[in-house]
Structures are given as structure tokens and as C-alpha cells.
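>>> let me see the structure of the following:
(2 chains, ligands or ions: 5)
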2 protein chains.
Amino acid sequence: SSTRWMLLAASYSVWITTILWAVLSLGGLGTTASRLFNWHPVLASGAVLGALTPGILAHTARHSDDAKRRFRARLLHALCVLLAFIVLTIAVSVVYANHVQHKQPHFYSLHSWLGVTCLLLMKGNIVAGIASALFPRFQGGSFGTMHRYTGAFICFLSFMSAALGFAHMQDSLSRTSGGVWQVKVVLAGLLGAASLCVGTALILLLFSG
Amino acid sequence: SSTRWMLLAASYSVWITTILWAVLSLGGLGTTASRLFNWHPVLASGAVLGALTPGILAHTARHSDDAKRRFRARLLHALCVLLAFIVLTIAVSVVYANHVQHKQPHFYSLHSWLGVTCLLLMKGNIVAGIASALFPRFQGGSFGTMHRYTGAFICFLSFMSAALGFAHMQDSLSRTSGGVWQVKVVLAGLLGAASLCVGTALILLLFSG
Ligand code: HEM
Ligand code: HEM
Ligand code: HEM
Ligand code: HEM
Ligand SMILES: O=C1O[C@@H]([C@@H](O)CO)C(O)=C1O
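Ligands and ions are numbered 1, 2, ... in the order given. Sure thing, here's the model as predicted:
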């Protein structure tokens, strides 16, 4: 339906703005110092906004009567969500490496705790997803039902982690760039708010569709 | 049911821990500097964990056959939620006054934007709630249905705002108290995580009950 396409377009718009923000306002992407760090928001928000969103949206077509279309929707779901998991793992490795480079401690923030929880739960859901695809009728379909609820929860946590990440950036950039009303600072907050809007719309669609 | 009582107990436990944290680790409550600021987390989390939670929980008894019990549940819902709104308004006034005292700018963070959005939406939902109580059959009950969805959304936003507030404190306390592993710093993050758990459980209960 057109609602899904609009949501996909909104999600990609937020991601593209994030890339522009990282490249134009934060000094770009590279292998040293903050240029290494910048990969983290770009990749992590790409995983959530660019891969998880279409992965969840793909599946709302699962009720289709056509077995072939249903199969394609499920394949797209699985591929997008696996991509999200891989890209997120790289995004976390990058920020971990960046913290090693700067001799900073690890996993000290609510953002990082939620982020790691997301990754762990995703692993579980990938196993449950494959199980429910292989054995659709096993135990009265309870695998699929569990997978849907935990999937919605993971989706919620992922957007929440992204919002906390943007809020963190808004705060730290305001201290290093002389003011809370600098364009790059306000943009960090707006990107966080926009991610939350996309996430909320996605969850509402999941529960209503 | 016992699930609701457990959730209520969990919610109050998180709030009581927040009060202990403010009083024992952050220098207590008062009228100057950070002692004035400390009222903000104590009152705001009280509004969400201490008043909004029972207000939402009260209403899950609305399906009762007994008209008297149903009426009492609705009255409790309305009173708790009005209390949450009033206390939240005071909590925001306090931090606003604190920012004036310190000549700090206003409304510059994702946390504050979400917080103010909560308050605005709450006002609207109070009007819609009163309307749906007075005219239960108006337009096929569409007032009530709208009120439930926006109510669940406001609930989600409130817990989200609280989590962002705790994350903000975790971050700023780590800078002023020499280290990310100080008890009060880690506690700020844990209280944020605990609030999110309560909020998630509440939303799941709303959608399943
Ligand atoms: C769902 C997506 C995300 C996940 C799973 C995630 C995960 C993580 C993890 C695990 C760390 C800790 C690394 C360490 O301790 O060595 C971290 C750090 C960080 N992330 Fe993210 N992140 C995500 C999205 C974002 C976004 C979108 C931003 C910014 C726009 C961001 C900003 C930061 C910052 C500033 C840090 C360093 C400070 C800290 O450790 O809290 N993150 N992230
Ligand atoms: C992080 C990983 C994953 C997440 C967050 C996730 C999320 C979800 C969500 C939210 C739904 C419900 C969609 C709807 O109702 O429209 C769902 C359904 C489904 N997913 Fe996944 N998924 C993940 C991984 C996978 C994988 C790897 C596979 C297969 C190889 C898979 C197969 C399925 C199937 C078969 C269903 C339909 C279940 C049913 O309704 O009975 N999922 N998933
Ligand atoms: C849902 C509950 C909450 C609401 C509606 C809320 C609202 C607000 C608002 C509107 C401001 C901005 C004041 C100004 O600009 O002058 C603010 C600031 C602040 N709040 Fe909250 N708050 C809530 C919960 C919390 C909690 C639980 C904490 C901490 C544990 C917290 C920590 C802060 C901090 C550190 C600031 C100052 C920095 C900033 O403006 O972002 N808040 N809050
Ligand atoms: C910030 C304010 C409010 C919020 C967040 C809120 C939230 C909610 C939620 C989540 C529900 C659904 C409960 C469930 O399904 O178990 C609900 C139902 C209801 N609320 Fe509120 N509420 C608010 C204010 C009020 C007020 C002030 C009144 C009345 C004076 C009220 C009257 C009702 C009624 C009558 C229902 C039942 C509607 C129906 O199911 O048809 N609410 N509210
Ligand atoms: O904006 C503020 O944040 C808190 C925090 O910095 C205290 O640790 C505080 O007192 C403010 O006025």
C-alpha cells in the first residue's frame, strides 16, 4: 500500500540526511579520530533506517493469497534483517575500535547497553525466524507468534537506541562546537526526533496491519 | 490480576530508587543550584512511574461487568492521569527556573523537545478523555478509540522522555564526578533502563489486555 512506500521514503530521507550531516558538518568519513567515529552513526542509522525498516515493511505483505508473492516477501524480510544485523555489528565494531584508539572505556552509557541488547536479541530472533520459516506448523505456529512479538520489540529497541545515540551527539557536539543552537547540534536532535517518528509509525503499522 | 500489581510494585520501586539516588548521591532536594535541579528528576519520574502507571493500569479493569467497579476504575484513571499532568508541569517549571537561575538556554535538547510534546499531547488527551466519558456513544465511540491510541502513544513518549533524561544525567554526572563507573553515574543509567522496562511492560499489557 502507499502508506508503506511513504514510510520507506521517510526512513531513507532521514538516513540520507544523517549521511549529509556526517559528511558536511562533522568532517566526513575516514580512518582517524572523529572521521573514524562518524562511520558509527552513518552505519548504525543505515542498518535501522535503511535495512530494518524495509525488512519489517516487506513482511506486512505476508497475508497475500499468492504463494509466490508471500515467499518473495519473506525472503526480502529475511535478507533485509540479516543485512541490518551485519551492518549494525560493523557499526558497533567501529565505535569500539574508536574507543580503543582514544583509550576510552567501553559500554558505560545507556545508549551502548541498549545497543548491545539489540544485537543479542537480534541473534535470537534470527534463529527463531529461521525456525518458524522451516517449521511453520511446529507447536501450533508458536515460533512464528513469539518471533513477531520479539521482532516488534527489537524494532522498538533499535529506534530507541538510535534516538539515544543522536541525543548523545547533540549533547557532546554542543560542548565542542560552542553552542546549543549550532546547525550541526540542532540537526543531531532533529534526526533523533525524526528516527523516533519513523519507528513509531512502523510499530503502529505492525500492530494495526 | 497479579501481573498488574507486580508492574505497579516495579514502577514504585524504580521511583523510590530515583528519590534515594537524588537524596543520597546528588546532594538532596532544596532551592539552590543542583539541589533545585534535583526536584526535576524526582517529580518527573514520580509523575510517570508513580501516577501515569497506576492511571493506565487502573483502566485495564474497564471490562468489568460490575458498573460500579467500572466507574471507580475510570475515576481512578482520570484522577491519576490528571495528577501526572500537574506534577509533570511542576517538574518542568522547576528545571526551567533552574536554567534561568544558571543563565542557561531553554529547550535545546531532544529530551526537552519530547518532554514538552508530552505535555501538549496530554492536554489534548485530557479533553478527549473527558469527552469520551461524557459522550460514550458519540460518533460510534470514536472519541474513546482515538483516546486509547493517543493515550498509549503519550505513555510511550513519557517513558522515552524519562529514559532520555536519565541518559543525559548519566552523561553529565560522569563528566562532573570523575568517571563513568561512579555509583551515581551507573545508577542514572540503570534507572533509565529500568524505566524503559516498566514502560515496555505497560504498553505490552495495554495491547494484549
Ligand atoms: C541501533 C543503532 C545503534 C547501536 C546498536 C549502537 C551501539 C553502540 C555501542 C554498543 C556503543 C559503545 C561502544 C563502546 O563502548 O566501545 C556505542 C557508542 C556510541 N554511539 Fe551508538 N549505536 C547505534 C546508533 C547510534 C547513532 C545513530 C548514533 C549517533 C547519531 C550513535 C552515537 C554513539 C556515540 C556518540 C557513542 C559513544 C558514546 C557512548 O559509548 O555512549 N549511535 N553505540
Ligand atoms: C533481527 C531479526 C528479525 C526481526 C527483528 C524480525 C522481525 C519480524 C517481525 C516484526 C515479524 C512480523 C511481521 C508482520 O507481522 O508483518 C516477523 C515475521 C516473520 N519473520 Fe522475522 N525478523 C527477524 C529475522 C527473521 C529471519 C532471519 C527469518 C527467516 C529466515 C524470519 C522469518 C520470519 C517469518 C517466517 C515471519 C512470519 C511469522 C508468522 O507470522 O508466523 N525473520 N519478523
Ligand atoms: C517525562 C518526564 C520528563 C519531562 C516531561 C521532562 C521535561 C524537561 C524539559 C521540558 C526540560 C527543558 C527545560 C528548559 O529547557 O529550561 C528538561 C530538562 C532536563 N531534564 Fe527533564 N523531563 C522529564 C524527565 C526527566 C528525568 C527523569 C530526568 C533525569 C533523571 C531529566 C533530566 C533533565 C535534565 C538533565 C535536563 C537539563 C538538560 C536539558 O535541557 O536537556 N528529565 N526536562
Ligand atoms: C494524559 C491524559 C490521559 C492519558 C495518557 C490516557 C490514557 C488512556 C489509555 C491508554 C486508555 C486505554 C486504557 C485501556 O485500554 O485499558 C484510556 C481509556 C480511557 N480514558 Fe484516558 N487517558 C488520559 C486522560 C483521561 C481523562 C482526563 C479522562 C476522563 C475524565 C479519561 C477517560 C478515559 C475513558 C472513559 C477511557 C475508556 C475509553 C474507551 O475505551 O472507550 N482519560 N485512557
Ligand atoms: O541542565 C542541567 O543539567 C543538570 C546536570 O548538569 C546536573 O548534574 C543541571 O543541574 C542542570 O541545570
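>>> residue A:108: what secondary structure?
What DSSP: H, G, I helix; E, B strand; the rest coil gives for residue A:108 is coil.
>>> touching ligand 2 at all, stretch A:95-115?
No. On the criterion Cβ under 6 Å from any ligand atom, stretch A:95-115 is out of touch with ligand 2, staying 13.7 Å away. Glycine gets a C-beta too; all of them are placed from N, C-alpha and C.
>>> just the buried residues of that stretch, please?
Buried residues in stretch A:95-115, defined by neighbour count with 16 or more other Cβ atoms under 10 Å in any protein chain shown: A:95, A:98, A:99, A:108, A:109, A:110, A:111, A:112, A:113, A:114, A:115.
>>> could you list the low-confidence segments of chain A?
Along chain A, segments meeting pLDDT under 70 span A:61-64, A:138-141, A:209.
>>> nearest to ligand 5: which residue in it?
In chain A, no residue comes nearer to ligand 5 than residue A:171, which is 10.2 Å away by Cβ to the nearest ligand atom.
>>> show me the helices in chain A, by range?
Listed in chain order, the helices of chain A (DSSP state H) span A:2-20, A:33-37, A:39-45, A:53-59, A:67-101, A:110-134, A:142-176, A:183-208.
>>> dump the ones you listed to a markdown table, plus distance to residue B:181.
Listed next are those as a markdown table, based on distance: least, Cβ to Cβ, whole Å:
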| stretch | distance to residue B:181 |
| --- | --- |
| helix A:2-20 | 31 |
| helix A:33-37 | 22 |
| helix A:39-45 | 22 |
| helix A:53-59 | 35 |
| helix A:67-101 | 14 |
| helix A:110-134 | 13 |
| helix A:142-176 | 18 |
| helix A:183-208 | 26 |
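>>> got the contact list for the nearest residue to residue A:131 once chain neighbours are set aside?
Nearest non-adjacent residue to residue A:131, counting by Cβ to Cβ, 6 or more residues apart in numbering or on different chains: residue A:143, 5.1 Å away. The contact partners of residue A:143, taken as Cβ atoms under 8 Å, 6 or more residues apart in numbering or on different chains, are A:128, A:131, A:132, A:135.
>>> my guess is residue A:179 meets residue A:186, correct?
No. Between residue A:179 and residue A:186 no contact is recorded; they are 9.9 Å apart, counting by Cβ atoms under 8 Å.
>>> give me the more crowded residue out of the two.
When residue A:179 and residue A:186 are compared for neighbours, residue A:186 comes out ahead with 16 against 12, by other Cβ atoms under 10 Å in any protein chain shown.
>>> so the residue nearest to residue A:111 when sequence neighbours are not counted versus residue A:125, what's the distance?
Ranked by Cβ to Cβ, 6+ apart and with sequence neighbours excluded, the top spatial neighbour of residue A:111 is residue A:164, at 4.1 Å. Distance of residue A:164 to residue A:125, computed by Cβ to Cβ, to the nearest Å: 21 Å.
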